[in-house]
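1. Starting from these lines, generate the structure:
(one chain, ligands or ions: 1)
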Amino acid sequence: MSESTAAHLDRHDTIRAVAYADGVLRLLDQRELPFTEVQIECRNAEAVAKAIRDLAVRGAPAIGIAAAWGVVLQAGLLDNAGHPVSVAALASTFDTLNAARPTAVNLAWALARMRAALVAAKNDPLHALTAEARAIQDQDLVANRTMGGIGASFFTDGIGVLTHCNTGSLATAGFGTALGVIRAGFAAGKIKQVYAGETRPWLQGARLTMWELVRDRIPAKLVADSAASHLMKSGAVQWVIVGADRIAANGDTANKIGTYQLAISAKRHGAKFMVVAPWSTVDMQTRHGDDIEIELRDPAELLSVAGRRTVVAGADAWNPVFDVTPAELIDVIVTERGAIEKPFGPGLAKLAGTRD
Ligand code: MRU
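-> Predicted structure coming up:
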């Protein structure tokens, strides 16, 4: 990458949602964006687990990173109290953090790395855990920059793209996955127009992705989720670009609810469909998408808008917050280890054997 391209990308990498220093984890509270930029301070693992459950921090890579720092916080409390920092002493911490959300495999992946670092630690387990959490966070940022370049290489000039949910700096260590590819594609002069689906019910697209795109002065239009097929029929979208919460060994991909219907519509209208995710989102132990647990959240999230009830009293709702896009509807999966086209199974297996 040339120096000027790197500098250009730096201008698109200014937001940090997760920051640790001196026994405090500061999280940019994503429930308050875009109008209020406020940080919450976590001093123990339970506070981090609550922030993950309540979506103060969200996005698959970001919750893995936050959980890793949650282990460090709890280990620090043990250490300060003169107790040994061990796997046994932190067993309930690992369980609590792991149970915070079920679908994104990055959470379990990050905690497995932290456990392994603890097991391998010789004489300073707190130092080893801190170094591992830092490495998880730093490597995610590097992966995102790498994926940006790989993903953008698929684009021709002057294209329109549609994205869903928020996959940007807020959802990661920085720069973003799908939004990182969009940033890189815009910086390379290839993307002319971005469309962002609002992503009901939590409005990650409207509140978070539009905030990131407007800050970066990337031409972006918000669309209602229900406008996506009409938009694609118009020919304005050449690529649909989304992130992932878990990619099964056959390429089936769990992502924010509504992704599946975008993939169906893209196929119908001749738009290409790209999934962008770091290798930490690939779960080779899960053979296909039917085995991925889909998080069901409180129906109340659907019954109100911005805290104001919009549905008649007594009404019920069904609120799955992820769906699975079958591999056959995906054109390319971009990871930092490389891009894969169909058939995804052998391609993923091959990349699983490589190192970053
Ligand atoms: O419920 P959320 O906001 O955590 O869901 C986030 C998504 O579905 C993202 O698309 C995914 O985690 C990838 S983020 C780089």
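2. do you know how far the residue of the chain found nearest the ligand is from residue 189?
-> Residue nearest to the ligand within the chain: residue 243 (2.9 Å; CB to the nearest ligand atom). For the C-beta atoms, the positions are set from N, CA and C on the backbone; glycine is no exception. Applying CB to CB, to the nearest Å, the value for residue 243 to residue 189 is 23 Å.
3. got the phi/psi numbers for the residue of the chain closest to the ligand?
-> Per-residue torsions, residue 243: phi -90, psi -160 (degrees, to the nearest 10).
4. Next, count neighbours for residue 22.
-> Neighbours of residue 22 under the rule other CB atoms under 10 Å: 5.
5. What score does it have for pLDDT?
-> In the predicted model, residue 22 carries a pLDDT score of 93.
6. Check the one 10 residues further on too.
-> The predicted local confidence for residue 32 comes out at a pLDDT of 96.
7. what does residue 87 give?
-> Among the per-residue scores, residue 87 holds a pLDDT of 97.
8. quick one: what helix or strand has it in it?
-> Using DSSP states H and E, residue 87 falls within no helix or strand.
9. Same check on residue 57?
-> Using DSSP H and E, residue 57 falls within no helix or strand.
10. wouldn't it be in contact with residue 30 here?
-> Yes - between residue 57 and residue 30 there is a contact under CB atoms under 8 Å: 6.6 Å.
11. who's more crowded, the two?
-> The residue with more neighbours, out of residue 57 and residue 30, is residue 57; 27 against 24, by other CB under 10 Å.
12. Can you tell me how far that one is from residue 349?
-> According to CB to CB, residue 57 stands 32 Å off from residue 349.
13. the more surrounded of residue 243 and residue 189?
-> Neighbour comparison, residue 243 and residue 189: the larger count goes to residue 243, with 31 against 10 (by other CB under 10 Å).
14. So that one sits against residue 168, correct?
-> No - if you go by CB under 8 Å, residue 243 and residue 168 don't touch, sitting 9.1 Å apart.
15. For those two, list the residues in contact with both.
-> By CB atoms under 8 Å, 6 or more residues apart in numbering, residue 243 and residue 168 have these common neighbours: 176, 179.
16. Could you list the domains of the protein?
-> In terms of domains, the chain is parsed into 3-143, 147-352 (source: automatic domain parsing).
17. which regions of this structure lie under the pLDDT threshold?
-> Along the chain, segments meeting pLDDT under 70 span 1-8, 355-356.
18. interface residues of it facing the ligand?
-> For the chain, the contact set with the ligand under CB under 6 Å from any ligand atom comprises 58-61, 104, 165, 167, 171-172, 177, 204, 243-245, 255-256, 321.
19. re earlier: the residue of the chain closest to the ligand: what's it in contact with?
-> Residue 243 touches 59-60, 165, 167, 171, 176-179, 255-256, 275-277, 281, counting by CB under 8 Å, 6+ apart.
20. by contact count, what packs against the longest helix belonging to the chain?
-> Taking DSSP state H as the criterion, the chain has its longest helix at helix 125-152. Applying 3 or more CB pairs under 8 Å, 6 or more residues apart in numbering; DSSP states H and E, one finds that helix 125-152 makes contact with strand 18-21, helix 60-80, helix 105-120, helix 178-187, strand 272-276, strand 332-335, strand 338-341.
21. Just the angle for that helix relative to helix 105-120, thanks.
-> Angle, helix 125-152 to helix 105-120, by axes from the mean of the first three to the mean of the last three CA atoms, to 10 degrees: 140 degrees.
22. quick one: buried residues of helix 125-152?
-> Judged by neighbour count using 16 or more other CB atoms under 10 Å, the buried positions of helix 125-152 are 125-126, 128-130, 132-133, 136-137, 139-141, 143-152.
23. strands paired with the helix or strand just after it, and their directions?
-> For helix 125-152, the succeeding helix or strand toward the C-terminus, using DSSP H and E, is strand 159-163. Strand 159-163 pairs in its sheet with strand 191-197 (parallel), strand 239-242 (parallel), by DSSP bridges.
24. Could you dump those into JSON lines with mean neighbour count added?
-> Putting these into JSON lines (neighbours: other CB atoms under 10 Å) gives the following:
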{"stretch": "strand 191-197", "mean neighbour count": "22"}
{"stretch": "strand 239-242", "mean neighbour count": "28"}
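25. now those strands as TSV including distance to residue 303?
-> Shown next, in TSV, are these (distance: least, CB to CB, whole Å):
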stretch	distance to residue 303
strand 191-197	21
strand 239-242	26
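26. Let me know which of those is the nearest to residue 81.
-> Nearest of the strands paired with strand 159-163 to residue 81, taken as CB to CB: strand 239-242 at 44.3 Å.
27. and after the closest one, which helix or strand comes next?
-> Once strand 239-242 ends, the next helix or strand along the chain (criterion: DSSP H and E) is strand 246-248.
28. Show residues contacting that following strand.
-> The contact list for strand 246-248, computed with CB under 8 Å, 6+ apart, reads 60, 103-105, 253-254, 275, 277, 281-283, 286-289, 291-292, 333, 348.
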